[in-house]
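In: Any chance you could fold what I've pasted below:
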Amino acid sequence: MKEVKFYYCQDGDKLVYMLNEGTGKMSCCGEPMSLLHPGTIDTMEDKHIPQISREAGMVHVVIGKEKHPMTEERYIAFIAAVQGDRVQFVHLHPGDEPKASFHAEEGPVQVYGFCNLHGLWRTEA
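Out: Numbering: from 1, shown residues only. The predicted structure follows:
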């Protein structure tokens, strides 16, 4: 499965994803963008790892075994599903539920969630 890369501009609060690597550098606001790496902090997994269920051509995602907070200070900014060359996003805001549903074919799907404080988290189903 092709690995998607996510880049983030903290100053402009902008996100870019890349499916096919080029030779240039990602930049925004005159500065290099940060490559986001999926989280690995064990103590934060319960509120950040996407939880996935499948049903009739759909992938349903909820962020965290324990519901992730969705306050102005801390929230899931997006959930993305990647399958082959298809990338689907749901952008979220404080007060929203930290969940999304996506169309998916049979086979593996990578699912990402991005917490504005604790970064990118990923799982595969």
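
In: now the helices for the chain?
Out: Using DSSP state H, the helices found in the chain span residues 45-48.

In: where does it dip in pLDDT?
Out: Within the chain, the stretches with pLDDT under 70 are 1-2, 12, 40-41, 43.

In: how about 90 then?
Out: By pLDDT under 90, the low-scoring segments of the chain are 1-4, 8-27, 29-32, 34, 39-47, 67, 84-85, 125.

In: Which single strand of it contains the most residues?
Out: strand 76-83 (DSSP state E).

In: What residue, apart from its backbone neighbours, is nearest residue 96 spatially?
Out: residue 70 (5.7 Å; CB to CB, 6 or more residues apart in numbering). Just so you know, the C-beta spots here come from the backbone N, C-alpha and C atoms, and that holds for glycine as well.

In: quick one on the thing from earlier: show me how far the longest strand of the chain is from its chain's centre.
Out: 4 Å (CA atoms, centre = their mean, to the nearest Å).

In: hmm, who's touching it?
Out: For strand 76-83, contacts defined as CB atoms under 8 Å, 6 or more residues apart in numbering pick out 1-2, 4, 6, 15, 17, 50, 59, 61, 63, 68, 70, 87-92, 98-100, 102, 104-105, 107-116.

In: try stretch 31-47
Out: Under CB under 8 Å, 6+ apart, the answer for stretch 31-47 is 5-11, 14, 16, 25-27, 48, 63-69, 112, 114, 118-122.

In: Give me the buried subset of those residues.
Out: By neighbour count, with 16 or more other CB atoms under 10 Å, those hold 6-9, 26, 48, 63-64, 68, 112, 114, 118-122 as buried.
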